[in-house]
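Peer 1: all I have is the shape, not the residue letters:
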């Protein structure tokens, strides 16, 4: 795992900030790392902060969707937070609605939803 | 390099293009560099965020294709003489695409992906053109309004 | 170098310049296109003099025979002055007919002088009259083009302003936005609406968005598609989207068209949508006393 993506454990959830220069290789590594940590640390949720991402293409979109599926199997919810307006428009245009992923405006919103759940 | 078929209206075939950057595509880090360069060049010319995002996403799809399916290649980022369009040409050394029409169809995939890459990239570009033949690699030309 | 065919007209323009300006003004008055109500005498005179000066310059330097082309560099000054004068006149409410007549009025003083000068040479007279006619007609057409281009710009600007006006995103409550859609929803407008909405969600950190379609005249497959895509983008950003104002008619059409709204919440009125939205952000509407 390179240093450009950080993972922090907060209130039983893994907070992940994805940086704009994340590569395909790194994002696959991230999926692997997260799968292990969800299972080992018994967390309730994963919050992916993508506010730094200028684009989300079909590859990154697919990894996010898969991560949501994996975490659900391990009894945790995945939240995507901070998606930029232009990224949302583009993803919809690509036909990627990410239905299995939960979304929230910000980290705070995601954490409060996790608390309520 | 001619981009007439690339959706640039009124651009004569001889219209001179200025090459802004030429990058080789070998690893997934090069995909990031390619799309970030495109985004930077567009932003520097005052293009709206939504246009930048759409085209950078399209370039990301095509650059990744060149690495995953085409054993790597090269990408050139150019601007037309009137400074109205950004033009990207991506060439790979792969086995080419047998049936382009089929490859464009939503859901068609050879590599286990979603098969949205190529068709999506076309939809997110202003002009889009593929030149390919089996065994001869693939050349994708795409353009975006600045 | 002046062409032999323009010697006479050039001579007239150079020796009789101010008289031609006066007579041109006179013809304009006669034709009722001087518009003294919009332009002062001094202003009209200055405009005419400037036009005639650049006209003479063009005649001196340009090819006026078979190769005549208004796009020629020699006519650059005249084109610029004509464009300025036309724009100024459009702004003050001159009609295209008045504008064209204004330019064409230049023919009379020029023809009169050519006739006097070439009385003994009818062949040359006809040739030069034809030449002047061709030039002046070309300029009249040119002013018309400028006129139309100017009008189109005004229309385009108004269209853009209307687009902005017709897609207001309103903050109803803390973290609750509404977008009342009115009229038709084509692709260009849908795109504009969506971008505007998403940007406002980001700025206001809105949690719920009510897209009210009470004022949308027809909902066909394409309009429904636009609405559902907007709802999907809103959800991706982390906000909730409620589509309200679905009339019984629209509900029937949507079902008949086989439109699946999926997980998007829909409400018949903005009233119920608002109650739900407030509940989501932690408020409730309560009645205080009987009235």
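Peer 2: Yep, that arrived. Note that the structure is predicted; figures quoted are calculated from it, not measured. Numbers count the residues shown, from 1 in each chain, chains lettered A, B, ... in the order given.
Peer 1: longest helix of chain A?
Peer 2: helix A:24-41 (DSSP state H).
Peer 1: is the very next helix or strand once past it in proximity to chain C?
Peer 2: Note on helix A:24-41: by DSSP states H and E, the next helix or strand toward the C-terminus is strand A:45-49. No: against chain C, strand A:45-49 shows no contacts by CB under 8 Å from any CB of the partner chain, the least distance being 10.9 Å. Heads up, the C-betas are built off the backbone N, CA and C, glycines and all.
Peer 1: tell me which strands strand A:45-49 pairs with, and in which orientation.
Peer 2: According to DSSP bridges, strand A:45-49 has the following sheet partners: strand A:13-17 (parallel), strand A:77-81 (parallel).
Peer 1: near chain A, which residues of chain B show up?
Peer 2: B:27-29, B:31-32, B:35-36, B:39, B:49-50, B:52-54, B:56-57, B:60-61, B:64, B:106, B:113-114, B:116-117, B:120, B:123-124.
Peer 1: please identify the buried residues of the helix or strand where residue C:10 lies?
Peer 2: Using DSSP H and E, residue C:10 maps to helix C:7-15. Judged by neighbour count using 16 or more other CB atoms under 10 Å in any protein chain shown, the buried positions of helix C:7-15 are C:8-9, C:12-13.
Peer 1: stretch B:133-145 too?
Peer 2: B:137-145.
Peer 1: surely residue B:98 and residue B:138 touch.
Peer 2: No: look at residue B:98 against residue B:138 with CB atoms under 8 Å: they stay out of range, at 10.8 Å.
Peer 1: measure the most centrally placed residue in chain A to chain B for me?
Peer 2: Nearest to the geometric centre of chain A sits residue A:48, at 3.0 Å (CA atoms, centre = their mean). Distance, residue A:48 to chain B, using CB to the nearest CB, to the nearest Å: 18 Å.
Peer 1: check contacts around the closest residue to chain A within chain C.
Peer 2: Residue nearest to chain A within chain C: residue C:198 (3.5 Å; CB to the nearest CB). Contacts for residue C:198 (CB atoms under 8 Å, 6 or more residues apart in numbering or on different chains) come out as A:85, A:88-89, C:233-234, C:237.
Peer 1: my guess is residue C:8 contacts residue C:119. True?
Peer 2: No: counting by CB under 8 Å, residue C:8 does not reach residue C:119; the two are 11.6 Å apart.
Peer 1: got any ranges where chain A has weak pLDDT?
Peer 2: A:1-4 (pLDDT under 70).
Peer 1: ok, which residues in it are in contact with chain C?
Peer 2: Residues of chain A lying near chain C (CB under 8 Å from any CB): A:80-89, A:91-93, A:97-99, A:103-106, A:109-110.
Peer 1: please name the bridge partners of the residue lying closest to residue B:100 once chain neighbours are set aside.
Peer 2: Sequence neighbours aside, residue B:130 is the residue nearest to residue B:100 in space, at 5.3 Å (criterion: CB to CB, 6 or more residues apart in numbering or on different chains). With DSSP bridges as the criterion, residue B:130 is bridged to residue B:140.
Peer 1: measure residue B:130 to chain A for me?
Peer 2: 17 Å.
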